[in-house]
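Chemist: what shape does this take:
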Amino acid sequence: MLRNPDDALWYNSITPEQVRDGTIGGSALTRGDGCWVWDASGSRFLDARAALWNTTLGYSARSVVGAMTTQLRALPVGQVIRYRQPPAISLEYARRLVSALPGGLSHVRFGSTGSQMTTAAVLLSRFLRKVRRENDRTAVIGFRKSYHGTGGMASALSGERQLHALQSPLPPGVHHVPAWDLDALGAAVDGLGPDKVSAIILEPVLGTGVVPAPSGALARVRQLCDRHGIHLIADEVTTGFGRTGALSRMAWEGVEPDMLVLGKGITAGYVPLAALVTTDEVFDTALSRPDFAFPHGSTADAHPVAMAAGVAVLDVLADGTLFATVRERGSRLQDRLAELPVHDVRGVGLMIGVELRDDAGEPLSASAMARVHQECAAEGLLITSTDNTVVLMPPLVISERECDELVRRLGTAVRRARTPARV
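Modeler: Residues are numbered from 1 along each chain as shown. As a prediction, the model looks like this:
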C-alpha cells in the first residue's frame, strides 16, 4: 500500500523536506514549449538547464517528434545484439553520424546512456589490450572534478569525491589528477608505468563547474597518449551536438581521440541514446582475433525510435547555422552575465558557469547556493549548480530576448540570495 502517492517515484533529487511537506506533486512538470516549461500549479519557467543539459532543440522540435512517430508505425522495436539483422534505420543513422564526424572516427556502437558508454569505452580499451596480449595495461587516468556518469565503472571514472564516498567500493584501477594539470598527468603515467596505462579519459570542458581545457591542453594530452600508446577517450556527452558551438568540441580543437562518447543532445533529449565512436585502428584491432568478441551491449541498443530521432537531429544541424548561432549567442550571454554581482563567468558556447562568492571572496556556501536555487525558481528560472557555480545550459534554440530574460531573472535571484534574510 502506498504511504504517500507523491513519493512513489524515488527520483535522484528527492529531499526529506519534499516528502514531509507534500510539495512534489505541485512542482511536477506537465508540458513544455520552446525553452519554457509549466508545472502542475500552472507556473511557467524559463528552462536554463534544458531538462538535464540534453533538451538541445527545446520542447517543440516537431521534426524530431515526426521522425519518431513515423518509425513507431513502421518498425517500433529492433535489436543489434544477435542474429545479424539490424534495423535498417540503425544502419542509416550509423552511416550518417560517422559521416558528420572527423574522418578518422568511422565506427559506432550505440547504448542508452552516457554512463553506459563511458563504461563501454574503458572496457573496450582493456579488451583491446587483451587482444594484443598486453594484459598488464589496465590503468585508467582521469581528472578530478570530471563527470563521466554514475554507477559502477562510470562512478569510478568520475572525479567527484562525493560519488566515491557514497558508492564505494568502486571498480579499481582508476586514478585521478588535478583538473588540467598536465604535469601531474605526465607524472601519473610515469609513476604507474606507461606499460601499465590503458587509457586517459577527459571531457574537453569539465561539466562539474564548467572548466574548459586551457589553450593547447587537448593537443598535449593527445601527444602524451601517442608517445606511450595510450588510448585517448573523449567524453563529449555534454559538449557534443552543438552545446559548445560544434558537433564535437574535440574536432573544433583539431584533436582526434581514439574513442569518442556522445549522448544527451544526440536525440535532442527526446529519447535515450548514447554512442561510442571509434577509429579504424580500434575497430580493426577489436575484430582481429576470431576467438575474441567484445562482450558489451544491451537489448535496447540502437533502438529504432532513437535512431530515427538521431537522424532528425542531424538534419537540423546539417548546415551549421545553429552552431554559429550558439557561438555568437553564448559569447554575448557571457558578456551580459559578467555584469552581474558574480565572481567569474566562463564557458564555451551555451555551456556556461557563473561562479558566486561572498563579500569576503569566499565561495558561496551550500546553504547560500540553495537559496540561489530557491530565488531562481521564484523568478521562474530553472538552473543547475555544482559547488558554488551556477551552471547554465539552456536549449540551443534560445532567443536573444530569452537570453536577456535569463540574465535579468538570474541577476534578481543572486542579489536576493546575497541579501541577509530578515528574521
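Chemist: for the residue lying closest to R144 once chain neighbours are set aside, give me the pLDDT.
Modeler: Computed as CB to CB, 6 or more residues apart in numbering, the closest residue to R144 that is not its neighbour in sequence is G159, at 4.0 Å. Any C-beta I mention is one placed from the backbone N, CA and C, and that applies to glycine too. For G159, the pLDDT comes out at 92.
Chemist: now swap in G209 and tell me
Modeler: Confidence score, pLDDT, at G209: 92.
Chemist: again, but for R418
Modeler: R418 is assigned 81 on the pLDDT scale.
Chemist: one step back: number of residues surrounding the residue nearest to R144?
Modeler: By other CB atoms under 10 Å, 24 other residues sit near G159.
Chemist: how would you label it: helix, strand or coil?
Modeler: Secondary structure state of G159, per DSSP: H, G, I helix; E, B strand; the rest coil, is coil.
Chemist: you'd agree it is up against G149?
Modeler: No. With contact defined as CB atoms under 8 Å, G159 does not reach G149; the gap is 11.9 Å.
Chemist: tell me what the helix or strand where S155 lies is packed against?
Modeler: For S155, the host element (DSSP states H and E) is helix 153-157. The helices and strands touching helix 153-157, judged by 3 or more CB pairs under 8 Å, 6 or more residues apart in numbering; DSSP states H and E, are helix 114-131, helix 161-167, strand 174-177.
Chemist: list the strands paired with the shortest one, with their directions.
Modeler: Applying DSSP bridges, strand 174-177 is found paired with strand 139-143 (parallel).
Chemist: got the contact list for the strand it pairs with?
Modeler: 122, 125, 148, 157-159, 173-180, 185, 188-189, 192, 196-203, 206 (CB atoms under 8 Å, 6 or more residues apart in numbering).
Chemist: make a ChimeraX selection of the buried ones in those.
Modeler: To isolate the buried members of the contacts of strand 139-143 in ChimeraX, using 16 or more other CB atoms under 10 Å:
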select :122,125,148,157,158,159,173,174,175,176,177,179,180,185,188,189,192,197,198,199,200,201,202,203,206
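Chemist: helices along the stretch 301-423 of the chain, start to end?
Modeler: Here the stretch 301-423 of the chain has its helices, by DSSP state H, counting those that start in this stretch, at 304-317, 321-337, 366-378, 400-418.
Chemist: got those as TSV, with mean neighbour count and distance to R84 columns?
Modeler: Listed next are the helices of the stretch 301-423 of the chain as TSV, based on neighbours: other CB atoms under 10 Å; distance: least, CB to CB, whole Å:
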stretch	mean neighbour count	distance to R84
helix 304-317	23	16
helix 321-337	18	37
helix 366-378	16	50
helix 400-418	18	48
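Chemist: closest one to L91 among these?
Modeler: Nearest to L91, of all these, is helix 304-317, at 8.8 Å by CB to CB.
Chemist: how about residues contacting the closest one?
Modeler: Under the contact criterion CB under 8 Å, 6+ apart, helix 304-317 has outside partners 56-57, 61, 63-64, 66-68, 70-72, 75-78, 87, 89-90, 92-93, 96-97, 100, 110, 112, 241-242, 247, 265-268, 270-273, 322-323.
Chemist: just to revisit the earlier point, of all the helices and strands packed on helix 153-157, which one is nearest R336?
Modeler: helix 114-131 (30.0 Å).
Chemist: could you dump that closest one to PDB, C-alpha only?
Modeler: Output of helix 114-131 as PDB, limited to C-alpha atoms (Å, rounded to 0.1, in the frame of the first residue of the first chain):
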ATOM      1  CA  GLY A 114      26.400   8.400 -21.300                       C
ATOM      2  CA  SER A 115      27.300   6.400 -18.200                       C
ATOM      3  CA  GLN A 116      26.800   3.100 -20.200                       C
ATOM      4  CA  MET A 117      29.100   4.300 -23.000                       C
ATOM      5  CA  THR A 118      31.900   5.800 -20.900                       C
ATOM      6  CA  THR A 119      32.000   2.400 -19.200                       C
ATOM      7  CA  ALA A 120      32.000   0.700 -22.600                       C
ATOM      8  CA  ALA A 121      34.900   2.900 -23.700                       C
ATOM      9  CA  VAL A 122      37.100   1.800 -20.800                       C
ATOM     10  CA  LEU A 123      36.000  -1.800 -21.100                       C
ATOM     11  CA  LEU A 124      36.800  -1.700 -24.800                       C
ATOM     12  CA  SER A 125      40.300  -0.200 -24.100                       C
ATOM     13  CA  ARG A 126      41.100  -3.000 -21.700                       C
ATOM     14  CA  PHE A 127      39.600  -5.600 -24.200                       C
ATOM     15  CA  LEU A 128      42.000  -4.300 -26.900                       C
ATOM     16  CA  ARG A 129      44.900  -4.800 -24.500                       C
ATOM     17  CA  LYS A 130      43.900  -8.500 -24.100                       C
ATOM     18  CA  VAL A 131      43.600  -8.800 -27.900                       C
END
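Chemist: quick one: list the elements packing against it.
Modeler: Judged by 3+ CB pairs under 8 Å, 6+ apart, helix 114-131 is in contact with strand 105-111, helix 153-157, strand 197-202, strand 231-236, strand 259-262, strand 274-279, helix 280-286.
Chemist: between those, which gets nearest to G361?
Modeler: Ranking these by proximity to G361 (CB to CB) places strand 197-202 first, at 29.8 Å.
Chemist: beyond that closest one, next helix or strand please.
Modeler: As assigned by DSSP H and E, the chain's next helix or strand after strand 197-202 is strand 205-206.
Chemist: elements contacting that following strand?
Modeler: Judged by 3+ CB pairs under 8 Å, 6+ apart, the packing partners of strand 205-206 are strand 211-212.
Chemist: next SSE downstream of the strand it packs on?
Modeler: Once strand 211-212 ends, the next helix or strand along the chain (criterion: DSSP H and E) is helix 217-228.
Chemist: report the mean confidence score over that next one.
Modeler: For helix 217-228, mean pLDDT is 99.
Chemist: try stretch 345-359
Modeler: Averaged over stretch 345-359, pLDDT sits at 97.
Chemist: over to stretch 25-36?
Modeler: 92.
Chemist: just the CA trace of it, in PDB.
Modeler: Coordinates of each C-alpha in stretch 25-36 appear next as PDB, following Å, rounded to 0.1, in the frame of the first residue of the first chain:
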ATOM      1  CA  GLY A  25       3.100  16.900  -7.000                       C
ATOM      2  CA  GLY A  26       2.600  20.600  -7.300                       C
ATOM      3  CA  SER A  27       6.100  21.100  -8.700                       C
ATOM      4  CA  ALA A  28       5.900  18.300 -11.300                       C
ATOM      5  CA  LEU A  29       6.200  19.500 -14.900                       C
ATOM      6  CA  THR A  30       3.300  18.900 -17.200                       C
ATOM      7  CA  ARG A  31       4.200  20.500 -20.500                       C
ATOM      8  CA  GLY A  32       6.800  22.400 -22.400                       C
ATOM      9  CA  ASP A  33       7.100  24.600 -25.400                       C
ATOM     10  CA  GLY A  34      10.300  26.100 -26.900                       C
ATOM     11  CA  CYS A  35      12.500  27.000 -23.900                       C
ATOM     12  CA  TRP A  36       9.700  27.100 -21.400                       C
END
